[in-house]
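K.L.:
Below are the sequence and a predicted model; questions follow.
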Amino acid sequence: MNAERARLDKAIDDINSSAAAWEPHDCERMLARLCSEATLTIVSSPVREAIRKKRARWALAVAGVAAAMALAVWIALPGAAMVVSSDGVLQGPNGPLAIGAAAPGGLLLQTGANADAMIRLGDGSVIELAARSAIKLTRGWSGQTIALEGGRVLVEAAKQGYLRHLYVATADCQVAVKGTIFEVDRMPAGSRVSVVQGLVRVTTSRRRRWLAAGDQATSNIAMKKLPVGADVAWSKNAPFYWAILNYMPPSPAPSPTVSALAPSKAPLLAEPPSPAPAEVTPTPPQHSVAPPSVAQAPQAPKPKVAPQKTAPPPDPTLVLFQQAANGIRDVPDELEPGDLLDLATAEDIRHPDLGRDTVVRAFHAALDLSSPQSDDDALGQWHAVIKANVELEAMTLLTDRSQDFETAHQLARNADTRRGRLYDELIASAWGEARAQAGARQPLEQALLSRMFGGIGYTPKQIQQPKGIQPKYDVLTLANECYQADGSFPYLGVSFDLGSFDRNGGAQRPLLLAAYHAAAGETDLVGMIQASNTLHMGHRVYPNLDAQMESAAVSLLQHIQQAVQSPPTGGIPAHQQYVRGIIHEDAIAANGLLTLLQQVDPARGAELSAEYSEFSADVPPKPYPISALTARQRQANADPAAALTTANAMPNISDQQKMAKFLALAHLAIVLAKRNPGPASQAASSALNLLTDDITSAHVDVVGLLALRIGTDLGEPDQAEALMGKALDAAEALADAKEQAYDNASDPVAQRTLSDDFNGVGAPEVEVFAYAGLLDPVLATQRAEQTSATYFKPLFLMRVAVGEEMKQPWWQ
Amino acid sequence: MQSGQPDATSSRDVGDWGVRASRVAAGEPAWEQIFREHHKMTLRAAYRITGSAADAEDVLQTVFLRLLRRGPATLVNEEAYLRRAAVNGALDLVRARASVNAVNGADVAANQAGPGDPRLRAALRAAVARLPRQMGEIFVMRHFEELSNREIAHLLGASQVRVAVVLHRARRRLQRELATFWRSRT
């Protein structure tokens, strides 16, 4: 430990000594650079004046020579940009341009449908044009500009001179660089910039930002983001850029040889690991296709690539997430958003930035699903359910976990489902931020305890509400924005706000009146329930607004009565069942409203109760029993012998009895493994004697967990591997069968029912991969990669990655 | 303090304001005064973390561009702001580089200058960049910027006890990472 401490101190001293020995100088140059970067901000700067005067003196002193040279250079420069390769036709202003021809400045150059081309600029920069792309080259004193009129270009910018930049400009964004590799994609919705190497500055109408290697920016937040590696995949030099980015492209379909090795039947965990996937070998960019005279032109500086052997090994978890993300592209469209959210949830534990990007991808994937065209459009109805769930969950992840209000707000504006629920999350997020800034956030563990044990004797510590705090974002503005967008209203958010903030002399009256106004016109089945709750809250907070509340309540009662008397028809049976459930909740809400109105005005309340007599009956609350599982676990560990005797005494004559006995013994082994390994081994041994293929298939997750315990706690790695191999075989067989049934389903309704079987990461056949990852991550990854179950593959990889993460608890 | 001198102290003297006042009176914008006074301190803070003069200059540019957008008049304590912004900007830069995994060679090259083992320095810089954001910031403030726990606590609005605890954890973590680096090297 002393040596480690001494090593750290030495490294710190070295760094401080080297910094002390370093003497920065050239303040004026840096100031001038700053001026040039900030010309938009600084109009008149003495330093810039000084620079201009200095240049003017220079220019006067060498006017004759400089003018002649400048003229020569100016004339020569247009010829310096030339076509160095062309696959297909590169169309210039006067017809096709051949290799070696000069690329004229200021005029349109465009590639055809199946063509691409490379143009080298006078400074050595190389522009690669994709098919159907068009550019114009222009020059200015501060550098050359590539005006991207359409399509996409990949630029390897040569080192630029002092105060000079190479620019790529689109209609809504400008990219400035000094010596980097980057890609710009111009689409109707906006522009996307991906950086392979170096730093670039991206300026849009809204903001200016710096992007580093691996970063990506879009000028419109609604645009899809792609991995940078995937964005440059169209380039001829893509493998080279992938090597720089350490990006692993989606692997092609497995070859017959690989398929023969696929572990579907053999006990795979006993096999040695296969060789690692072939690494991408960097090959230099193919710029030497030009004629000899062109090849002698100044070469673009080659990016420095660290030799593969010196690069640190990539984070295995990140690699698995990447593979899972690639695998998601192969799953059906309607399953993709859910898979992406699962991926984001897993990534968010240790890689929150990655997780946030994946959430946004999930949101866009949900937006891409079709909307219902009619009540009988079963596929559209199904998609609508997915959209609603994914968009809401994405909002929750962005606000609660990533605390990225801005992105969440942008997405909410683009949502295509009812936005009220999304704005509920936004308002809660704004509230949480204000509370946090005022130092009044409830500790996480208290919130958890409060949620777990609220109402049964646990009283959380009360946080004193600070006075006068206000959310950063105006809740009334958010609520109005939502209401004007699609007529929905964020009732939950408003109730949250009414109950959370210091009420300062009626400041929330306008908000409550807006809620009453929306409630009076509410006809959505779910919205009516939420509106009813808001009326209750409003009565408690502002009783002097009870007249408005009563008016809204009467309208709401009318709408609920109409919904109950003539419920919406159409849609698939599952949707109809859902609607019936919601209408029942509406009736309960109406009952609550009548009670409230009786409290406010007994005479009027009695009158309304008579009018809406169908809602007057009381509805008893549901009891919520507490699971006794933990108590049972404690009991088994307190007296393992008795527990073992009880389990062994179970009959095992019929198949059902054998299965029940196996489960009892397996669970007992799992529960006892850590504290009582002796009895646990006996229970495991008895369980394994009963194990059959049918039992394995029916309880594949239990078998997997048992294998993990046998391997990690009971010290039988060989037995554990064999058992885990069986569990994985069974899991893959189940997954294959489910995918086949899904593909063979005749209509969307049946598909929807079958899709429930996939059930995300909670499905037994998926969970078993997490256990396999904990037992042996290398072999588990191998199995997941080689699985024949295409739709389940990303989920398998994700669970292996999560198993990896569990070895190092996320809270450390 | 004279213009152009390293500005590593956390206190000001009257002469400081005298120079400032005379320059402002001469028509130089306030932000240029700030640049002249603090650019060395800002550069050095970034240099300690990035180990590269060019990167440090990029951080300096980013910090001052941000300052220009925000407006120097809004600053209460310019030195504290710039020091913290430089530290965070440099850590962000190193983190962004590290995410590509392709700059290890470049890092080592950037760390060649100076005493001691350049690889050890590079390893420490990379490890600091991998620390959680605030932990990295506190470590750098304490050990590179040589601020006291009390000053750091004041800057971050945290208690001294918390700063001490975070520092202890940061050192433990860095010691472990350097030990791993050492083992892999030997």
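P.N.:
Here it is on my side, so go on.

K.L.:
Can you tell me the element the residue in the stretch 1-150 of chain A that chain B sits nearest to falls in?
P.N.:
Closest contact between the stretch 1-150 of chain A and chain B, by Cβ to the nearest Cβ, is at residue A:18 (2.5 Å). For glycine as for every other residue, the C-beta is placed from the backbone atoms N, C-alpha and C. Element membership for residue A:18, per DSSP states H and E: helix A:2-21.

K.L.:
ok, now residue A:529?
P.N.:
Per DSSP H and E: helix A:525-541 holds residue A:529.

K.L.:
Which other helices and strands does the longest helix seen in chain B contact?
P.N.:
Of all the segments assigned as helix in chain B under DSSP state H, the longest by residue count is helix B:160-185. Counting contacts by 3 or more Cβ pairs under 8 Å, 6 or more residues apart in numbering or on different chains; DSSP states H and E, helix B:160-185 is packed against helix A:2-21, helix B:118-130, helix B:133-139, helix B:149-156.

K.L.:
now those in a markdown table, with mean neighbour count?
P.N.:
A markdown table is the format used below for the helices and strands packed on helix B:160-185 (neighbours: other Cβ atoms under 10 Å in any protein chain shown):
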| stretch | mean neighbour count |
| --- | --- |
| helix A:2-21 | 17 |
| helix B:118-130 | 22 |
| helix B:133-139 | 20 |
| helix B:149-156 | 17 |
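
K.L.:
just so I know, which of the ones you listed lies nearest residue A:143?
P.N.:
helix B:118-130 (31.7 Å; Cβ to Cβ).

K.L.:
what's the closest residue to chain B within the stretch 51-200 of chain A sitting at in phi/psi?
P.N.:
Among the residues of the stretch 51-200 of chain A, residue A:199 lies nearest to chain B; the distance is 6.7 Å by Cβ to the nearest Cβ. When read as degrees, to the nearest 10, the backbone of residue A:199 gives phi -120, psi 140.

K.L.:
Same question for residue A:216.
P.N.:
Torsion angles, degrees, to the nearest 10, at residue A:216: phi -140, psi 140.

K.L.:
and it, what does it touch?
P.N.:
A:192-195, A:225-226, A:228, A:231 (Cβ atoms under 8 Å, 6 or more residues apart in numbering or on different chains).

K.L.:
Among these, which are located in helices?
P.N.:
Per DSSP H, the contacts of residue A:216 map to helices at A:228, A:231.

K.L.:
Compare the contacts of residue A:216 and tell me which is most surrounded.
P.N.:
Among those, the one with the most neighbours (other Cβ atoms under 10 Å in any protein chain shown) is residue A:194, at 29 neighbours.

K.L.:
pLDDT weak spots in chain B?
P.N.:
By pLDDT under 70, the low-scoring segments of chain B are B:1-30, B:69-76, B:98-115, B:186.

K.L.:
Just the closest residue of the stretch 151-300 of chain A to chain B, please.
P.N.:
Closest point on the stretch 151-300 of chain A to chain B, by Cβ to the nearest Cβ, is residue A:212, at 3.6 Å.

K.L.:
For residue A:192, see how far away that residue is.
P.N.:
To residue A:192, residue A:212 is 16 Å away according to Cβ to Cβ, to the nearest Å.

K.L.:
what does residue A:84 give?
P.N.:
Distance from residue A:84 to residue A:192, counting by Cβ to Cβ: 25 Å.

K.L.:
do the same with residue A:740
P.N.:
Applying Cβ to Cβ, the value for residue A:740 to residue A:192 is 38 Å.

K.L.:
What of residue A:702?
P.N.:
47 Å.

K.L.:
Same check on residue A:26?
P.N.:
36 Å.

K.L.:
Residue A:144 now?
P.N.:
22 Å.

K.L.:
and what of residue A:351?
P.N.:
According to Cβ to Cβ, residue A:351 and residue A:192 sit 22 Å apart.

K.L.:
Next: residue A:386.
P.N.:
26 Å.

K.L.:
tell me which element the residue nearest to residue A:372 when sequence neighbours are not counted is part of?
P.N.:
Once flanking residues are discounted, residue A:372 sits nearest to residue A:380: 3.0 Å by Cβ to Cβ, 6 or more residues apart in numbering or on different chains. Applying DSSP H and E as the criterion places residue A:380 in helix A:378-396.

K.L.:
got a list of contacts for that helix?
P.N.:
A:334, A:337-338, A:341, A:359-360, A:362-363, A:365-367, A:369-375, A:408, A:411-412, A:415-418, A:421-422, A:425-426, A:571-572, A:575, A:747-749, A:751-752.

K.L.:
Put the buried members of these into a PyMOL selection.
P.N.:
Selection of buried members from the contacts of helix A:378-396 for PyMOL, criterion 16 or more other Cβ atoms under 10 Å in any protein chain shown:
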select buried, chain A and resi 334+337+338+341+359+360+362+363+365+366+367+369+372+408+411+412+415+417+418+421+422+425+426+571+572+575+748+749+751+752
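
K.L.:
What about the contacts of helix A:378-396, which are in helices?
P.N.:
Per DSSP H, those map to helices at A:337-338, A:341, A:359-360, A:362-363, A:365-367, A:408, A:411-412, A:421-422, A:425-426, A:575, A:748-749, A:751-752.

K.L.:
Also near chain B: which of those residues, exactly?
P.N.:
Counting by Cβ under 8 Å from any Cβ of the partner chain, nothing from those sits close to chain B.

K.L.:
List the residues that contact residue A:643.
P.N.:
Residues counted as contacts of residue A:643 (Cβ under 8 Å, 6+ apart) are A:635-636, A:668, A:672, A:679.

K.L.:
quick one: it from residue A:672, how far?
P.N.:
According to Cβ to Cβ, residue A:643 stands 8 Å off from residue A:672.

K.L.:
any residues in contact with both of those two?
P.N.:
Contacts common to residue A:643 and residue A:672, judged by Cβ under 8 Å, 6+ apart, are A:636, A:679.

K.L.:
How far off centre is the helix holding residue A:18?
P.N.:
Offset of helix A:2-21 from its chain centre (Cα atoms, centre = their mean, to the nearest Å): 39 Å.

K.L.:
following that helix, which helix or strand comes up?
P.N.:
helix A:27-37.

K.L.:
which other helices and strands contact that next one?
P.N.:
When contacts are defined as 3+ Cβ pairs under 8 Å, 6+ apart, helix A:27-37 packs onto helix A:46-61, helix B:30-50, helix B:53-70.
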